[in-house]
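>>> Would you be able to build a 3D model of this:
(2 chains)
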There are 2 protein chains.
Amino acid sequence: MARFTLDRRLANDSMLISRLGLCELRLINDARWPWLILVPQRAGIVEFFDLTPLDQTMLTFETSLVAEALKKAANCDKINLGALGNVVEQFHYHLVARNKGDANWPGPVWGHGKAIPWNEPARDILIENLLEAF
Amino acid sequence: MARFTLDRRLANDSMLISRLGLCELRLINDARWPWLILVPQRAGIVEFFDLTPLDQTMLTFETSLVAEALKKAANCDKINLGALGNVVEQFHYHLVARNKGDANWPGPVWGHGKAIPWNEPARDILIENLLEAF
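Residues are numbered from 1 along each chain as shown, chains lettered A, B, ... in the order given. All right, here's what the predicted structure looks like:
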């Protein structure tokens, strides 16, 4: 079985928060929205249905856990979930905290404008709040 | 327990293909992309984590089943999955067949331009292919 290696673009665009049972939980470096990704630590996964049924269930469990924590930590109006993979092939699942009036609301975050990197203190507060909310 | 009623906007924008164990499977009336939604037949669901753990697992099973069938039926490059709910509050899960060079590729479909209604024969062929692919 091939070994999981994180896609280079995902690695560049995000930082590791934690390793869960199945996924790497990472923060996208874009302060416009609190934006996390879950990346199953499995090689060769492109589509959701490439995961085994057990891994699908694990991903679902981790998605639910992280989405609920993110909603609390960011105190936001809505969580957006998505798996597109049109640019980066390696399967990754987006969880984005959205607020009425935020950048591109009520449209999607993907492909909108240019990322604004986090400043470290704000980023660290978000991550701390998130870990507390678990 | 409140009774499930389909949101009026979802009803207007899509047609019923089938009722699965948990969800209504519906086709969005936009011929630019073969675009399905799964709507859990439960009242008062807004976020993914509002579903019970069993319903989350059911939705995951139905997502995987439908996504794989859609990829075969549409013979497409990639399936895009998403749950946004920034406009329509009732929880619904998108499954979109994407191809390199399609409308707004590699960007997302949500909020892009204006829907082009299906013509009936093309729509019926897609639905037939989809049901066969299950």
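>>> Give the buried residues for stretch A:95-102.
For stretch A:95-102, the neighbour count (16 or more other CB atoms under 10 Å in any protein chain shown) marks A:95-98, A:102 as buried. No exception for glycine: its C-beta is placed from N, CA and C like everyone else's.
>>> Give me the mean pLDDT for it.
Across stretch A:95-102, pLDDT averages out at 98.
>>> is chain B contacted by that stretch?
Yes: using CB under 8 Å from any CB of the partner chain, stretch A:95-102 reaches chain B at A:Arg98.
>>> rewinding a little: nearest to chain B among the buried residues of stretch A:95-102?
Minimum distance to chain B across these is 6.1 Å, recorded for A:Arg98 (CB to the nearest CB).
>>> hang on, the earlier thing: dump the buried residues of stretch A:95-102 into CSV; add secondary structure as well.
Formatted as CSV, the buried residues of stretch A:95-102 follow (DSSP: H, G, I helix; E, B strand; the rest coil):
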residue, secondary structure
A:Leu95, strand
A:Val96, strand
A:Ala97, strand
A:Arg98, strand
A:Asp102, coil
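>>> Would you mind naming what in chain A lies close to chain B?
A:46-49, A:53, A:56-57, A:59-61, A:63-64, A:67-68, A:71, A:78-87, A:98, A:105-108, A:110-111.
>>> Show me which of these are buried.
With burial judged by 16+ other CB under 10 Å, the buried subset of the residues of chain A next to chain B is A:47-49, A:56-57, A:59-61, A:63-64, A:67-68, A:71, A:78-86, A:98, A:106-108, A:110.
>>> Let me see the ranges of the strands in chain A.
Counting by DSSP state E, chain A has these strands, from start to end: A:14-19, A:23-28, A:35-40, A:78-83, A:93-98.
>>> in chain A, what spans have low per-residue confidence?
By pLDDT under 70, the low-scoring segments of chain A are A:1.
>>> Out of the strands of chain A, which gets nearest to B:Asp13?
Each of the strands of chain A has some distance to B:Asp13 by CB to CB; the shortest is strand A:78-83, at 18.6 Å.
>>> partners of that closest one, with directions?
The sheet places strand A:78-83 alongside strand A:93-98 (antiparallel), strand B:78-83 (antiparallel), with pairing taken from DSSP bridges.
>>> Reformat those strands as JSON lines; add distance to B:Asp124.
Shown next, in JSON lines, are the strands paired with strand A:78-83 (distance: least, CB to CB, whole Å):
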{"stretch": "strand A:93-98", "distance to B:Asp124": "33"}
{"stretch": "strand B:78-83", "distance to B:Asp124": "22"}
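>>> Could you measure from A:Ala83 over to A:Pro106?
Between A:Ala83 and A:Pro106 the distance is 20 Å, computed by CB to CB, to the nearest Å.
>>> Check A:Leu20 too.
According to CB to CB, A:Leu20 and A:Pro106 sit 29 Å apart.
>>> Could you do A:Ala73 as well?
From A:Ala73 across to A:Pro106, the span is 21 Å (CB to CB).
>>> ditto for A:Asn12
Taking CB to CB, one finds A:Asn12 at 29 Å from A:Pro106.
>>> One more: A:Arg123?
Distance of A:Arg123 to A:Pro106, given as CB to CB: 25 Å.
>>> all helices for chain A, in order.
Taking DSSP state H as the test, the helices found in chain A are A:8-13, A:53-74, A:120-133.
>>> what about dumping the CA coordinates of the second one to CSV?
Looking back up the chat, that one is helix A:53-74. C-alpha atoms of helix A:53-74 as CSV (Å, rounded to 0.1, in the frame of the first residue of the first chain):
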residue,chain,number,x,y,z
PRO,A,53,-16.9,2.7,3.8
LEU,A,54,-15.2,2.7,7.2
ASP,A,55,-13.1,5.7,6.3
GLN,A,56,-16.1,7.5,4.9
THR,A,57,-17.8,7.0,8.2
MET,A,58,-14.7,8.2,10.1
LEU,A,59,-14.5,11.3,7.8
THR,A,60,-18.2,11.9,8.6
PHE,A,61,-17.6,11.7,12.3
GLU,A,62,-14.6,14.0,12.1
THR,A,63,-16.4,16.5,9.9
SER,A,64,-19.3,16.7,12.3
LEU,A,65,-17.0,17.1,15.3
VAL,A,66,-14.8,19.8,13.6
ALA,A,67,-17.8,21.6,12.1
GLU,A,68,-19.6,22.0,15.4
ALA,A,69,-16.4,23.1,17.1
LEU,A,70,-15.6,25.6,14.4
LYS,A,71,-19.1,27.1,14.6
LYS,A,72,-18.6,27.6,18.3
ALA,A,73,-15.0,28.9,18.1
ALA,A,74,-15.8,31.3,15.2
